[in-house]
Each structure stands twice: as structure tokens, then as C-alpha cells.
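> This is a predicted model, with the sequence first.
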Amino acid sequence: DAGVIQSPRHEVTEMGQEVTLRCKPISGHDYLFWYRQTMMRGLELLIYFNNNVPIDDSGMPEDRFSAKMPNASFSTLKIQPSEPRDSAVYFCASRSSGGSYNEQFFGPGTRLTVL
Amino acid sequence: DQQVKQNSPSLSVQEGRISILNCDYTNSMFDYFLWYKKYPAEGPTFLISISSIKDKNEDGRFTVFLNKSAKHLSLHIVPSQPGDSAVYFCAANTGGFKTIFGAGTRLFVKA
């Protein structure tokens, strides 16, 4: 298995532009998570899905952020309009509800820079 | 409101010695704890975990200790190796699938 795939790996955009981050979870995993990593706050959970349905989006910072999971193999995180304070590394992770250690499998992340 | 706290941003240890990474939590409902390791430009990877009904779990050079009364857990690495240099995240679950992560501790193992 290729693991969790994220694209793009790096994104540089200007303030006010729309940004879309993409994630392909591990096949067979029924949970998908979006995280943001910053120096100040570490790894923050933004939202997670179970069987493509959003379960908890309490970590989504503002209405500018939205996430979708149209099918079991694809999810997007969109920021519109983007702001410089959104600059961070965004991780997608997936896991199976039947996993033995409760661990999540992370993608390599997307480094977002908003100028 | 940080429910999982890693108060040491960084730790430096000599190769061959013990590394001890600490983590405190506030939510007594957490029932499962995990440690993840992260190298630069990569996502975190699972390292070791412990259920709240246990006080110790060991896997090779890595041991996690849980002190529920103090709401404290620690990760011991013995002996430390240069390849262990990474950021270590403490994380906790509440019986569901929502995981709360700490801010991370950067470990430097000097050769």
C-alpha cells in the first residue's frame, strides 16, 4: 500500500486566494482526519470523518475553512479566502476502526505559505 | 485549552544514554495514550501506546510509563541513538476516535 497520499506537498499563494488541499487515505480505512501543525500550537485536529461523514469539525478555526469527503478514497480541505496566519503544515491521517493500537497513519503533509 | 501538554520544547541527550520525554494531561476520561515520532518533511509515525488500565508498556528500546494519579506519562528511550533525533508527540484518546496531540518535544541525540 502507498500509504496516505497528500497533494500538493508545497503550496505558496497570496492572501485572499482559494487554497485546496487533497488527501487519499489508505484503502480500507474508514476514518479520515485533518490536522494543522504550527510552532505555537503543535498538532491541532481540524475535522474528522467516519465513512465519509463529518463527525467532529469543532477544530475548524473559521468559516473560511471547509472540508469534504465525497467518497472513501478522497478528501479535500479548502481555505477561502486564505490569510497569512493560515501558513502551516497540514496533515491528513487515516485509520481503521478495527486497528489494534488505535494508531493513525499520516500523510507527508502539505506546507502552505500564504503571502 | 491544552488537554495534552509537553512542557519541554526540546531535549538533548548523549548517544547511549537514556532519553526521557514527559507528557501531562488534564482530562481524566482519556483511556488510551500514544507516542508518535516525526522526522522533518514527513508525517508523524506511530511509536508506542498504552491503555489507561496499564502503567507500563515496553517495546524494544522504548518504554512508556503511565501515572494516572498524577495524570502524567513518559517515554523512555534506552539506549538513545542518533537516529532517534526527531520530534516526539504525545497523544490521547477518549474512547472514541478523536485524538488530542501535545505540542511535541524535539529530541537531539548527540553522537
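Arrived safely, thanks for sending. Numbering: from 1, shown residues only, chains lettered A, B, ... in the order given.

> Paired strands for the helix or strand of chain B with the lowest mean pLDDT, with orientation please.
Counting by mean pLDDT, DSSP states H and E, chain B has its least confident helix or strand at strand B:99-101, which shows a mean of 91. Its sheet considered, strand B:99-101 pairs with strand B:86-93 (antiparallel) by DSSP bridges.

> Could you export the strand it pairs with as PDB, CA atoms only?
Listed next in PDB are the C-alpha coordinates belonging to strand B:86-93 (Å, rounded to 0.1, in the frame of the first residue of the first chain):
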ATOM      1  CA  ALA B  86      13.100  13.700  15.900                       C
ATOM      2  CA  VAL B  87      10.100  15.400  17.200                       C
ATOM      3  CA  TYR B  88       8.000  13.200  19.600                       C
ATOM      4  CA  PHE B  89       4.300  13.900  20.100                       C
ATOM      5  CA  CYS B  90       2.300  12.600  23.000                       C
ATOM      6  CA  ALA B  91      -1.400  11.900  22.200                       C
ATOM      7  CA  ALA B  92      -4.500  10.800  23.900                       C
ATOM      8  CA  ASN B  93      -7.900   9.300  23.000                       C
END
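
> What's the separation between B:Leu31 and B:Lys98?
Slight slip there: residue B:31 is Asp, not Leu. From B:Asp31 across to B:Lys98, the span is 12 Å (C-beta to C-beta, to the nearest Å). Backbone N, C-alpha and C define where each C-beta goes, glycine included.

> Could you pull out the buried residues of the helix or strand just after the least confident helix or strand of chain B?
Using DSSP states H and E, the helix or strand that follows strand B:99-101 in sequence is strand B:105-110. Under the neighbour-count criterion of 16 or more other C-beta atoms under 10 Å in any protein chain shown, strand B:105-110 has B:Thr105, B:Leu107, B:Val109 buried.

> Check whether strand B:105-110 comes into contact with chain A.
No: under the criterion of C-beta under 8 Å from any C-beta of the partner chain, strand B:105-110 makes no contact with chain A; the nearest approach is 10.0 Å.

> That strand packs against which elements?
Strand B:105-110 sits against strand B:10-14, strand B:19-25, strand B:86-93, with contacts defined as 3 or more C-beta pairs under 8 Å, 6 or more residues apart in numbering or on different chains; DSSP states H and E.

> The last one - what's its average pLDDT?
For strand B:86-93, mean pLDDT rounds to 95.

> can you give me how far it is from the chain middle?
Between the mean C-alpha location of strand B:86-93 and the chain-wide mean there is a distance of 5 Å, by C-alpha atoms, centre = their mean, to the nearest Å.

> Please enumerate residues in contact with it?
The contact list for strand B:86-93, computed with C-beta atoms under 8 Å, 6 or more residues apart in numbering or on different chains, reads A:42-43, A:102, B:3-4, B:6, B:21, B:23, B:25, B:27, B:30-39, B:44, B:47, B:73, B:75, B:99-102, B:104-107.

> who in chain B is up against chain A?
Taking C-beta under 8 Å from any C-beta, the part of chain B that reaches chain A is made up of B:6, B:32, B:34, B:36, B:41-46, B:49, B:89, B:93, B:97-104.
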